[in-house]
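Trainee: next comes the sequence, and after it the predicted model I'd like to discuss.
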Amino acid sequence: MKAVVQDVYGSADTLRLADVERPVIGDDEVLVRVRAAGVDPGVWHLMTGLPYLFRLGIGVRRPKVPVRGRDLAGVVEAVGSVVTRFRPGDEVYGITQFGSFAELARSRESDLARKPTTLTFEQAAAVPVSATTALQGLRDVGRIQPGQQVLVIGAAGGVGSFAVQLARAFGAGVTGVCSTAKVDLVRTLGADDVIDYTREEVDARGPMFDVILDTAGRRPLSVLRRALTPNGTLAIVGGEGGNRWIGGFDRQILWAPLRSAFSSQRLRGVAAEERVEDLEYLTTLIEDGKVTPAIDRTFPLAEAADAIRYLTGGHPAGKVVVTI
């Protein structure tokens, strides 16, 4: 089968389309004929092996898993002997630990759900990692409640575009932060108000937000805390920038817990987990029309490297997807 693989860590130039062996599934695994695969910042981290801290889990010298990609949507090709929730022909979406930029991918049964009937494969592939992260950031870390005021920083991005819609679904008032070119998109997603960060800093309006979900940039915690109510919660997603050892994750690993220990404000990092129950919950919201993936651009499998370059260099409006 065709797959996008890499033998060493590095830039997108290390990726190549190659013929590889078909995956062999275990008893509790599902073989999926991939129709589309999502692209998220985690793919970049796995490709580059940065920050170095990540290599403790993904391979110190070279990638343990040579095929890139995590999100997928497709059709079940075969199932393991103890799999009970799926059978060949079922349309599914979810996450694989073994690479989704390929014609076939293997995934644990527990990492897959039935594809929402209202979505195309391309739309479905955009959901798992980003929407799950947004959900857990708002609900589990942010402890969002109806009537609260929520600020989503990076509201036009992959996680942020889902967070705006989810906050609305939870009954909160939503303010999105984005650039001038993306203001209309963020309003379309359901934001009540939009802060154009090229014209206004997020703390300019004072401490008015009960929950802040920060999915973009490296704003100092002091700036974010000035926008947060005295008992509010800051949930930090990702860690772009920073040094090669821990990247920008120092804010959530070190400084947020330290500052939180001496404040009534809760400052927390978001470490999203793959949970099938969360994916099924998102399916319900999607089929009820409360959440719809925003797709910026799709790339064919042979151009997966360009998809990653576009994600990391072009600030997409919504999700980037690879089609197979």
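Mentor: Sure, I can see it.

Trainee: how many residues are close by Asp288?
Mentor: 11 (other C-beta atoms under 10 Å). Heads up, the C-betas are built off the backbone N, CA and C, glycines and all.

Trainee: centroid residue for the chain?
Mentor: Ser130 (2.4 Å; C-alpha atoms, centre = their mean).

Trainee: domain-wise, how is the chain divided?
Mentor: 2-127+293-323, 129-269 (automatic domain parsing).

Trainee: nearest spatial neighbour of Pro230, chain-adjacent residues omitted?
Mentor: Ser264 (5.5 Å; C-beta to C-beta, 6 or more residues apart in numbering).

Trainee: any idea how far Val237 is from the one you found?
Mentor: 22 Å (C-beta to C-beta, to the nearest Å).

Trainee: compare the two (neighbour count), which wins?
Mentor: Val237 (28 against 9).

Trainee: ok, now how distant is that one from Val276?
Mentor: 21 Å.

Trainee: check contacts around the residue located most distally from the centre of the chain.
Mentor: Ranked by distance from the centre of the chain (C-alpha atoms, centre = their mean), the top residue is Ser81, with 31.0 Å. Residues near Ser81 by C-beta atoms under 8 Å, 6 or more residues apart in numbering: Asp27.

Trainee: and it, backbone torsions?
Mentor: The phi/psi pair for Ser81 (degrees, to the nearest 10) reads phi -70, psi -20.

Trainee: for Thr284, find the nearest of the domains of the chain.
Mentor: In terms of C-beta to C-beta, the element of these nearest to Thr284 is domain 2-127+293-323, at 8.8 Å.

Trainee: after the helix or strand of the chain with the lowest mean pLDDT, which helix or strand is next?
Mentor: One helix or strand of the chain scores below all others by mean pLDDT, DSSP states H and E: helix 250, with a mean of 72. Going down the chain from helix 250, the next helix or strand is helix 256-261, by DSSP states H and E.

Trainee: average pLDDT across that following helix?
Mentor: The predicted model assigns helix 256-261 a mean pLDDT of 74.

Trainee: for the longest strand anywhere in the chain, give the mean pLDDT please.
Mentor: The residue-count maximum for a strand in the chain (DSSP state E) belongs to strand 29-39. Strand 29-39 shows a mean pLDDT of 98 in the predicted model.

Trainee: what of stretch 8-21?
Mentor: For stretch 8-21, the mean pLDDT works out to 97.

Trainee: would you mark the buried spots in that stretch?
Mentor: Residues of stretch 8-21 classed as buried: 9, 12, 14-15, 17, 20 (neighbour count, 16 or more other C-beta atoms under 10 Å).

Trainee: show me those residues that map onto helices.
Mentor: Of the positions in the buried residues of stretch 8-21, not one sits in helices, assigned by DSSP state H.

Trainee: out of those residues, who's nearest Val92?
Mentor: For these, the nearest to Val92 is Val20 (21.6 Å; C-beta to C-beta).

Trainee: ok, that closest one to Ala102 distance?
Mentor: 7 Å.

Trainee: what do you get for Asp28?
Mentor: For Asp28, the distance to Ala102 - C-beta to C-beta - is 20 Å.

Trainee: who's more crowded, these two?
Mentor: Neighbours were tallied for Asp28 and for Ala102 using other C-beta under 10 Å; the higher tally belongs to Ala102 (30 against 14).

Trainee: so what's the residue nearest to that one when sequence neighbours are not counted up against?
Mentor: Ranked by C-beta to C-beta, 6+ apart and with sequence neighbours excluded, the top spatial neighbour of Ala102 is Ala3, at 3.5 Å. Each residue near Ala3 by C-beta under 8 Å, 6+ apart is listed here: 17-18, 20, 67, 99, 101-103.

Trainee: which one of those residues is nearest Ala37?
Mentor: Phe101 (5.5 Å).
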